[in-house]
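Asks: generate coordinates for the sequence data below:
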Amino acid sequence: MDFETLVKKISEIRKCKGFLTNTFFTMQQLRAMLDLDHVTIMLTENAVVILMEEDQLIRLFFYVTDLASLQQIKSALSGFKGKPIIADIIGRDKQVENIINGLKLYNFHKHSTMIRMKRPGLENQYKEVSNVTLATQGRVDEIMHLLYSEFDIYISHPPNREKLLRAIQNNEVTLVIQQNEIAGLAYFERLGEKLIYLYQLVVDKRFRGQGIADHLLTYQFNQLSKDVICQLWVESNNTFAINKYEKYHFAPDGLVDSIMIFNGEDNG
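Replies: This next block holds a predicted model:
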C-alpha cells in the first residue's frame, strides 16, 4: 500500500456525515507507519484499520464511515490471534458512547475507564526534598521490570526500552532509592514548553506507606514555573490515587478513555 492510497481512503471516510475514529495520528505519523514491521494497515470498503503490535498486545486504531461499519473492524481482526487487541476510545460526548456501544455489538468488552486530570500552572511553593535523584541508564532494566510488574499493561501504555532510554537522557525520570533498590519512580514527559504529562508514577509495593509518591511529586513541582500545566490519566475507580492527585491541585477535565478489548471470534 502506498501513502497516497491510504490518505485518499481516510479522506473519503472523514467526509462521511457519520464518520467515527479513535486515532490522533498526523499525516507524518501515518507515512512513517507504512515502513514499520510491527504495524499492519488494512483498508475495507468503509474502514481503515491500523494494528500496532507491542510485546504483549496489539493496539487498534480505526476510521469508519458510520456505526454500522464497525462490523468491518471485527472482520479485519479475524486473522489476528495470540495477543489481546486493545482499543482506546477517548472523548467526552455522545459520539464516544455510540462507538463504545457499537463495539460491544461486535465482540468487544470494556476493560476499564480512565479519566484525565489537569493541574493548572501554580505559584511555586518550594518544599525541601532530599531523597529524589535523576534516573541513569544503568537502571533501565530495573525500571522496566518495576513498570511492567506493577501496572496493567492494557491501560498504562508502559514505555518500551528505547522510549525509556530517551526519557532518561532527557532527565524526565526520577527515582527514590532505598537499600540500593528502586523504591519509587516518576516519569514526567515534556509535551511542550508549557505542558508536561505525568506518564508514570509508581512505588514498589515493598516500600509503600513511606510518602515516596509525595516526595516524587513534590520534587517535580518544585521545578515548575507558574505557567506550566500538568496532566495525567488515572483509573476512574482508583479513589486512592485520585485523592492523592487532588491534594496536588489536579482535577478531572471531563475527558474519558474507555479501554475496549476484542473478545475474538464468536463461538456460535
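
Asks: contacts, neighbours, all on C-alpha from now
Replies: OK.

Asks: the helices in this protein, which residues?
Replies: For the chain, applying DSSP state H gives helices covering 3-14, 27-33, 70-76, 94-105, 140-150, 153-156, 161-169, 212-222, 239-247.

Asks: tell me the angle the fifth one makes with helix 161-169.
Replies: In other words, helix 140-150. 120 degrees (axes from the mean of the first three to the mean of the last three Cα atoms, to 10 degrees).

Asks: give the buried residues for helix 140-150.
Replies: Buried residues in helix 140-150, counted by 16 or more other Cα atoms under 10 Å: 140, 143, 146, 147.

Asks: what's the closest of the residues you listed to residue 24?
Replies: residue 147 (25.2 Å; Cα to Cα).

Asks: tell me the one among the buried residues of helix 140-150 nearest to residue 185.
Replies: Each of the buried residues of helix 140-150 was scored against residue 185 by Cα to Cα, and residue 143 proved nearest at 8.0 Å.

Asks: what residues does that closest one make contact with?
Replies: residue 182 (Cα atoms under 8 Å, 6 or more residues apart in numbering).

Asks: distance of the most centrally placed residue in the chain relative to residue 259?
Replies: Among the residues of the chain, the one closest to the centroid is residue 157, at 4.6 Å (Cα atoms, centre = their mean). Counting by Cα to Cα, to the nearest Å, the separation of residue 157 from residue 259 is 11 Å.

Asks: likewise for residue 123?
Replies: Counting by Cα to Cα, the gap from residue 123 to residue 259 is 35 Å.

Asks: one more: residue 16?
Replies: 25 Å.

Asks: between the two, point out the one with more neighbours.
Replies: Neighbour totals were compared for residue 16 and residue 259, and residue 259 leads with 20 against 13 (other Cα atoms under 10 Å).

Asks: what sits closest to that one if chain neighbours are left out?
Replies: With sequence-adjacent residues excluded and distances taken as Cα to Cα, 6 or more residues apart in numbering, residue 259 is closest to residue 88, at 4.7 Å.

Asks: I figured the one you found hits residue 262, correct?
Replies: No - Residue 88 lies out of contact with residue 262 (Cα atoms under 8 Å); the separation is 11.4 Å.

Asks: looking at these two, which one has more neighbours?
Replies: The neighbour count for residue 88 versus residue 262, taken as other Cα under 10 Å, is higher for residue 88 (23 against 20).

Asks: who does residue 196 form a beta bridge with?
Replies: Under DSSP bridges, the beta-bridge partners of residue 196 are residue 190, residue 230.
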